[in-house]
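Participant: Structure of the sequence below:
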Amino acid sequence: MAYLMANLKSSWKIRFLGHLLQGREVWLNEGNLSLGEKGCDICIPLTINGKIVLREQEESLFVDAGKARVKVNGRRFNQNKPLPSSGVLQVAGVALAFGKEDCDLASYQIPVSSLGYWWLAGIFLIFIGGIGVLLSIDGQPETVNDLPLRVKSLLDKSNIHYVRTQWKKDGSLQLSGYCSSSEQMQKVRATLESWGGHVPGWRNLR
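Facilitator: Coordinates of the predicted model:
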């Protein structure tokens, strides 16, 4: 919805991006438009004691907000300089898009601040770090106390049922017994060695 402040000489318009006036477009009246709570063209609450004045000068648009901090397109802006041909102005708690008459202000949005980007990046890093910790815990080798169960499971999966396991005092493992396939046993031994285990005295009995 657009409010036309009848002056066809001005080619600048604004569109509110927040507050109750969100989505409303306004043309500058006689090249000037004031925003504030007292004696202004548009009554709107501000976070400063004063007003915001937009004025057209030599086909350029300027903003006067006193000592208030002004941001244009998410970056701090010098009020002494003319505004760009279009963009998003943030000042005193008000956010609005501005541009010439042929500019589609409906497509403009309030930019995310750099602090917001860092916050999102921090959350992302924490999330990735948490996943990494979980994966590292899940991927850690089982304790020595679980090794007998792992060896038994390995032999069962390899269909080797007649090989006995004997654990030595030094923590080494000895395998003995009957196996119909030396190739199967070689695979078992390779797997055990990949776990970091020492397998002395291994033999394949027939």
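Participant: what about the helices in this structure?
Facilitator: Under the criterion DSSP state H, the chain contains helices at 114-139, 147-157, 182-194.
Participant: if you average pLDDT over each of these, which comes out lowest?
Facilitator: Lowest mean pLDDT of those: helix 114-139, a mean of 61.
Participant: what pLDDT does Tyr178 get?
Facilitator: For Tyr178, pLDDT reads 65.
Participant: Now stretch 24-39 - C-alpha only, CSV.
Facilitator: Extracted as CSV, the C-alpha positions of stretch 24-39 are listed here (Å, rounded to 0.1, in the frame of the first residue of the first chain):
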residue,chain,number,x,y,z
ARG,A,24,3.7,1.0,3.5
GLU,A,25,5.3,3.1,0.8
VAL,A,26,5.5,6.9,1.0
TRP,A,27,6.7,9.4,-1.5
LEU,A,28,8.7,12.4,-0.3
ASN,A,29,6.6,15.5,0.0
GLU,A,30,8.2,18.5,-1.7
GLY,A,31,11.5,16.6,-1.5
ASN,A,32,11.3,16.3,2.3
LEU,A,33,9.9,13.8,4.8
SER,A,34,10.2,13.9,8.6
LEU,A,35,9.7,10.9,11.0
GLY,A,36,9.2,11.2,14.7
GLU,A,37,6.7,11.8,17.5
LYS,A,38,6.2,15.5,17.5
GLY,A,39,5.5,17.9,14.6
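Participant: tell me which residues in it are buried?
Facilitator: For stretch 24-39, the neighbour count (16 or more other C-beta atoms under 10 Å) marks Glu25, Val26, Trp27, Leu28, Gly31, Asn32, Leu33, Ser34, Leu35, Gly36 as buried. Bear in mind the C-beta positions are built from the backbone N, C-alpha and C, glycine included.
Participant: Quick check: the gap between the second one and Gln57.
Facilitator: Using C-beta to C-beta, to the nearest Å, one obtains 18 Å as the distance from Val26 to Gln57.
Participant: Equivalent analysis for the fourth one, please.
Facilitator: Note on Leu28: its distance to Gln57, by C-beta to C-beta, is 11 Å.
Participant: Just to be sure, which of the buried residues of stretch 24-39 are found in strands?
Facilitator: Counted as lying in strands by DSSP state E, out of those, are Glu25, Val26, Trp27, Asn32, Leu33, Ser34, Leu35, Gly36.
Participant: and which of the residues you listed is nearest to Glu183?
Facilitator: Each of these was scored against Glu183 by C-beta to C-beta, and Glu25 proved nearest at 79.5 Å.
Participant: Tell me, what's the model's pLDDT at the closest one?
Facilitator: Glu25 is assigned 93 on the pLDDT scale.
Participant: what are the bridge partners for it, then?
Facilitator: Glu25 forms beta bridges with Ala2, Arg15, as assigned by DSSP bridges.
Participant: Ile14 versus that one, what's the distance?
Facilitator: 7 Å.
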